[in-house]
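Colleague: Build the 3D model from these lines:
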Amino acid sequence: MTGSPASWLDAMPSPALLIRADERIEAVNAAAEALLGRGIAGRHFITALRQPGLLDTIETCLRAGKSGEARYLTSDGDRDTTYAVHVGALLLSGQPAALVSFNDVSQVEEAGQIRRDFVANVSHELRTPLTALMGFIETLKGPASNDATARARFLDIMEVEAGRMNRLVGDLLSLSRVEANERVRPTEDVALCALVRSVLHGLKGLADGAGVTLHADLPEAEVMCCGDADQLRQVLTNLTENAIKYSGTGASVTVSLSGPEQMPGLRAEGVRLVVADTGPGIDAFHIPRLTERFYRVDSHRSREMGGTGLGLAIVKHIVTRHRGRLRIESAPGQGTRFSVILPLR
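Modeller: Okay, here's the model as predicted:
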């Protein structure tokens, strides 16, 4: 290999630096300067790196000629970044040296944390109804075995808890199917006006029971869109059902459809489906997190309403699969407006 150590490092896309046997930094590439600061060439490596685990790995490499791995953590104020650092042993002018290279593994770390959080959330959501069921079963087998009144009351509660678990499992399976097909673009034609009317007809009983009025604002001519009819039905059902449940008695929910027209967010022709309610609205700080799995504005009320905390996450993934956009607008006392923008093709 020809050229200077600095030229070797400049050929590497990730941050890298070379440390001599005297523990001074021989060379550093531009990516490493951006990470660690300018003017570090020639300085002792401890003054540039400062994290004990990495320093120990470098010292071992220089003294024993043994390569190693370490972690390097940093933050730009908005986001924490984790680097997997490889410290490789080599010879420089016949003397031991260490080549230190940084690989950004933040996304891998975040994905692992998301998986751990997801498992913890599912376990928590299932534990509560399971604990209730086990307690009632134990009571029915013991003190209440001959109490018909208590038995009927406990069985009613057990039915509610079992239904809650069933909805959670159903939503988990639905979310899994949506994620599995997220990169497969739908190809069938969907009649959106007919779909909206069908969804509102199916939810009329729920709306009447909650004292909520449903309205449809649709164009006279049918609007066709390329999509998955079952998934788009699920989007409309989830959004409209949420609006009915959380708007309160006397509120109204309007589902409207506009387009086709040029949509700036899509840079193509598209349609806009809007589910708007006149309910109490949502504080602004909740809005960015509404589509997170298991995130609830009011956990107690959501569970009482039969919510699993997965409905809006499912909506987000379906809209993403359709190459669309989801917009949420709300303010306390001003209702909530969910807009789904879908490309025609």
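Colleague: can you give me the strands in this structure?
Modeller: For the chain, applying DSSP state E gives strands covering 16-19, 25-28, 68-75, 80-92, 95-104, 188-191, 213-217, 224-227, 252-263, 268-277, 325-330, 336-343.
Colleague: May I see the ones you listed arranged in CSV, with mean neighbour count and distance to residue 283 as well?
Modeller: (C-beta placed from N, C-alpha, C; glycine too.) Below are those laid out as CSV (neighbours: other CB atoms under 10 Å; distance: least, CB to CB, whole Å):
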stretch, mean neighbour count, distance to residue 283
strand 16-19, 25, 46
strand 25-28, 23, 47
strand 68-75, 15, 27
strand 80-92, 16, 26
strand 95-104, 19, 34
strand 188-191, 14, 34
strand 213-217, 14, 25
strand 224-227, 20, 32
strand 252-263, 18, 20
strand 268-277, 20, 16
strand 325-330, 17, 8
strand 336-343, 22, 11
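Colleague: what does the average pLDDT come to for stretch 220-234?
Modeller: Mean pLDDT, stretch 220-234: 90.
Colleague: Next, the buried residues of it.
Modeller: 223, 225, 226, 227, 228, 229, 231, 232, 233, 234 (16 or more other CB atoms under 10 Å).
Colleague: Could you tell me how far stretch 56-63 lies from the centre of the chain?
Modeller: 40 Å (CA atoms, centre = their mean, to the nearest Å).
Colleague: who touches the closest residue to residue 331 other than its chain neighbours in this structure?
Modeller: In space, residue 331 comes closest to residue 281 once its chain neighbours are excluded; the distance is 5.1 Å by CB to CB, 6 or more residues apart in numbering. Each residue near residue 281 by CB atoms under 8 Å, 6 or more residues apart in numbering is listed here: 330, 331, 332, 333, 334, 335, 336.
Colleague: Could you single out the nearest of the buried residues of stretch 220-234 to residue 11?
Modeller: residue 226 (45.6 Å; CB to CB).
Colleague: quick one: low-confidence parts of the stretch 151-300 of the chain?
Modeller: Regions of the stretch 151-300 of the chain meeting the criterion pLDDT under 70 cover residues 298-300.
Colleague: follow-up on the earlier one: now the strands of the chain as a markdown table including distance to residue 55?
Modeller: Formatted as a markdown table, the strands of the chain follow (distance: least, CB to CB, whole Å):
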| stretch | distance to residue 55 |
| --- | --- |
| strand 16-19 | 11 |
| strand 25-28 | 13 |
| strand 68-75 | 9 |
| strand 80-92 | 10 |
| strand 95-104 | 11 |
| strand 188-191 | 59 |
| strand 213-217 | 65 |
| strand 224-227 | 55 |
| strand 252-263 | 53 |
| strand 268-277 | 53 |
| strand 325-330 | 46 |
| strand 336-343 | 51 |
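Colleague: Out of the ones you listed, which is closest to residue 199?
Modeller: That would be strand 252-263 among those, by CB to CB, at 7.5 Å.
Colleague: what lines up beside the closest one in the sheet?
Modeller: strand 213-217 (parallel), strand 268-277 (antiparallel) (DSSP bridges).
Colleague: nearest to residue 295, of the strands of the chain?
Modeller: Nearest of those (CB to CB): strand 325-330, 12.5 Å.
Colleague: so what strands line up beside the closest one?
Modeller: Assessed with DSSP bridges, strand 325-330 is paired to strand 336-343 (antiparallel).
Colleague: Extract the C-alpha set from the partner strand and format it as CSV.
Modeller: C-alpha atoms of strand 336-343 as CSV (Å, rounded to 0.1, in the frame of the first residue of the first chain):
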residue,chain,number,x,y,z
THR,A,336,-59.5,17.0,16.3
ARG,A,337,-59.0,16.5,12.6
PHE,A,338,-57.2,13.5,11.0
SER,A,339,-56.3,13.9,7.3
VAL,A,340,-55.3,10.9,5.2
ILE,A,341,-53.8,11.9,1.9
LEU,A,342,-53.6,9.1,-0.7
PRO,A,343,-52.1,9.1,-4.2
